[in-house]
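S.K.: No sequence on hand, only this structure:
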């Protein structure tokens with residue numbers, strides 16, 4: 001209790017100085033901010049987490065329970081399932097194996113921070129910290145893992161190969177935005193539980209979820225502009241549909257929050273819904289949705305930065321963007337039970353092209369469906385163009401999708417007359433995923449979702465894409481007919497298990513397609529596919545120490 005009181009006092013002192021603009025720890029490089037325990041958020045005792053700046057005392061980091069999806073087991077019943085580790089009788093139906101309890105913790109820091117993680121469920125036989133591109137080899141002593149960080153990271157800490165009961169650790173930069181809770185343009189949710197229902201955000205407002213806050217409900221930005229949603233709190237939709245805005249909150253509704261407007265998208269129940277709006281920023285919050293984490297519909301100038309999301313239900317996408325322009329998704333961690341990032345044309349009441357979308361510096365984990373999907377939905381009557389789309393510096397930790405129609409870590413699937421062009425994938429690192437394909441580029445007609453095939457896919461660059469693993473199914477590049485083709489696809493420095501794939505690579509038989517050397521099926525109606533080598537191949541990102549000295553908590 002004494003420790004927690006010190007943490008709270010320190011936190012509120014820090015918050016007060018940030019709000020009032022006073023310098024705190026002036027001149028110091030190493031800083032650590034630990035937020036109050038989020039009351040109302042279930043805890044998980046699989047791990048105990050501590051952190052400290054060098055020479056300071058260890059501080060406890062609260063660890064919470066989040067649900068992650070196992071998906072559906074489609075293998076023959078006689079086999080031992082990979083996930084349940086149990087042999088099933090021949091007549092056992094293969095259904096969803098249900099969500100699992102994973103762990104999550106977070107803190108803010110600058111400089112260097114040391115992290116100590118104790119595994120409480122037994123002996124540590126092996127431990128890894130992902131993304132693997134960070135090159136982190138933690139020190140393991142008994143049942144404790146220790147490492148240090150010099151820059152913000154979103155990490156998965158996995159013991160004994162368990163990817164479900166793992167720890168997602170979010171080491172954030174320290175917040176610099178100064179907000180006054182009494183400002184009439186600030187909707188402020190302080191530490192504690194806020195059952196808000198569905199809240200519409202008026203133009204010009206900033207919504208702030210303080211560290212230690214749990215906001216149960218949904219945030220709607222509709223026909224509005226100049227809005228920010230910020231903080232280190234948690235936005236959650238527990239146990240089913242979000243209640244209507246008439247539900248009584250556990251605390252008074254913050255100043256400036258109003259019931260949702262009756263807009264065209266008012267039937268959606270996503271955690272954050274941004275529609276028919278412009279100049280919107282979402283930064284830093286953790287989202288645990290029962291629908292999409294964030295939906296962007298027919299909007300422009302939207303920035304989504306440093307959010308984290310977990311979902312375990314059906315159709316629980318991460319971030320979906322429809323008919324919008326000038327969208328930036330930066331530094332996110334998405335672990336979802338459907339597509340992590342999906343970019344579409346028309347669907348529902350959203351109409352128009354997609355232009356100028358960038359996804360960068362992010363970590364994607366699709367327990368179901370695609371890490372990256374572009375193009376399924378559109379407008380057959382008035383075909384959409386999806387163009388100038390970039391995916392830069394991304395780690396893909398997993399994909400598991402038994403349905404062959406929905407595989408592909410990087411998927412461009414043109415349906416509904418969509419024309420996909422000018423797409424760039426650069427510095428993409430794909431770890432060995434459980435089930436799926438590396439690439440899926442198709443012009444297709446999926447009758448479940450489409451009313452016509454797509455128009456075309458062209459001018460796509462895959463640069464410095466690496467995959468290390470053995471479980472990928474063959475990738476696909478295929479057009480539809482003579483008038484609906486895939487053209488001008490360039491793979492530059494494609495590296496599969498350390499081997500660079502190129503049209504003139506050593507050892508390739510002359511009668512082979514280059515795609516055969518990379519497990520890529522190149523089908524009909526494909527023109528101008530090139531595999532080439534550039535002069536320099538980018539290495540994975542580095543920057544954190546592999547281990548620290550033997551400094552375990554006292």
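M.R.: Perfect, I can see it now. The structure displayed is predicted, hence computed values, not measured ones. Numbering: from 1, shown residues only.

S.K.: which residues in this protein form helices?
M.R.: 2-20 (DSSP state H).

S.K.: State which strand of it is the longest.
M.R.: Secondary structure of the chain read by DSSP state E shows that its longest strand is strand 385-399.

S.K.: so what strands line up beside that strand?
M.R.: strand 354-366 (parallel), strand 419-430 (parallel) (DSSP bridges).

S.K.: middle-most residue in this protein, spatially?
M.R.: residue 334 (1.7 Å; Cα atoms, centre = their mean).

S.K.: That one and residue 293 touch, don't they?
M.R.: Yes - under the criterion of Cβ atoms under 8 Å, residue 334 makes contact with residue 293 at 7.3 Å. Just so you know, the C-beta spots here come from the backbone N, C-alpha and C atoms, and that holds for glycine as well.

S.K.: list the residues that contact both of those two?
M.R.: 309, 318, 319 (Cβ atoms under 8 Å, 6 or more residues apart in numbering).

S.K.: Distance check, the residue nearest to the last one when sequence neighbours are not counted against residue 304.
M.R.: For residue 319, ignoring the flanking residues on the chain, the nearest one in space by Cβ to Cβ, 6 or more residues apart in numbering is residue 294 at 4.6 Å. As judged by Cβ to Cβ, to the nearest Å, residue 294 and residue 304 stand 6 Å apart.

S.K.: just the strands in the stretch 51-200 of the chain please.
M.R.: 59-61, 64-68, 100-110, 113-119, 127-130, 139-141, 144-149, 153-159, 167-173, 186-189, 192-200 (DSSP state E, counting those that start in this stretch).

S.K.: Any chance of those strands in JSON lines with mean neighbour count, mean pLDDT and distance to residue 34 as columns?
M.R.: Below are those laid out as JSON lines (neighbours: other Cβ atoms under 10 Å; pLDDT from 0 to 100; distance: least, Cβ to Cβ, whole Å):
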{"stretch": "strand 59-61", "mean neighbour count": "19", "mean pLDDT": "98", "distance to residue 34": "5"}
{"stretch": "strand 64-68", "mean neighbour count": "20", "mean pLDDT": "97", "distance to residue 34": "14"}
{"stretch": "strand 100-110", "mean neighbour count": "21", "mean pLDDT": "97", "distance to residue 34": "5"}
{"stretch": "strand 113-119", "mean neighbour count": "23", "mean pLDDT": "98", "distance to residue 34": "11"}
{"stretch": "strand 127-130", "mean neighbour count": "20", "mean pLDDT": "98", "distance to residue 34": "20"}
{"stretch": "strand 139-141", "mean neighbour count": "17", "mean pLDDT": "96", "distance to residue 34": "22"}
{"stretch": "strand 144-149", "mean neighbour count": "22", "mean pLDDT": "98", "distance to residue 34": "15"}
{"stretch": "strand 153-159", "mean neighbour count": "22", "mean pLDDT": "98", "distance to residue 34": "17"}
{"stretch": "strand 167-173", "mean neighbour count": "21", "mean pLDDT": "98", "distance to residue 34": "11"}
{"stretch": "strand 186-189", "mean neighbour count": "22", "mean pLDDT": "98", "distance to residue 34": "19"}
{"stretch": "strand 192-200", "mean neighbour count": "21", "mean pLDDT": "96", "distance to residue 34": "17"}
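
S.K.: how about the longest strand of the chain: buried residues?
M.R.: 385-399 (16 or more other Cβ atoms under 10 Å).

S.K.: Same question for stretch 300-315.
M.R.: Buried residues in stretch 300-315 (16+ other Cβ under 10 Å): 300-313.

S.K.: List just the nearest of those to residue 60.
M.R.: Nearest to residue 60 among the buried residues of stretch 300-315, counting by Cβ to Cβ, is residue 308 at 20.2 Å.

S.K.: And the pLDDT for the closest one?
M.R.: pLDDT recorded at residue 308 is 98.

S.K.: Report the beta-bridge partners for it.
M.R.: Under the criterion used (DSSP bridges), residue 308 bridges to residue 286, residue 333.

S.K.: does it really touch residue 289, like I thought?
M.R.: No - assessed by Cβ under 8 Å, residue 308 is found out of contact with residue 289, at 11.7 Å.

S.K.: Pull out the buried residues from stretch 121-136.
M.R.: Buried residues in stretch 121-136 (16+ other Cβ under 10 Å): 124, 127, 128, 129, 130, 131, 132, 133, 134, 136.
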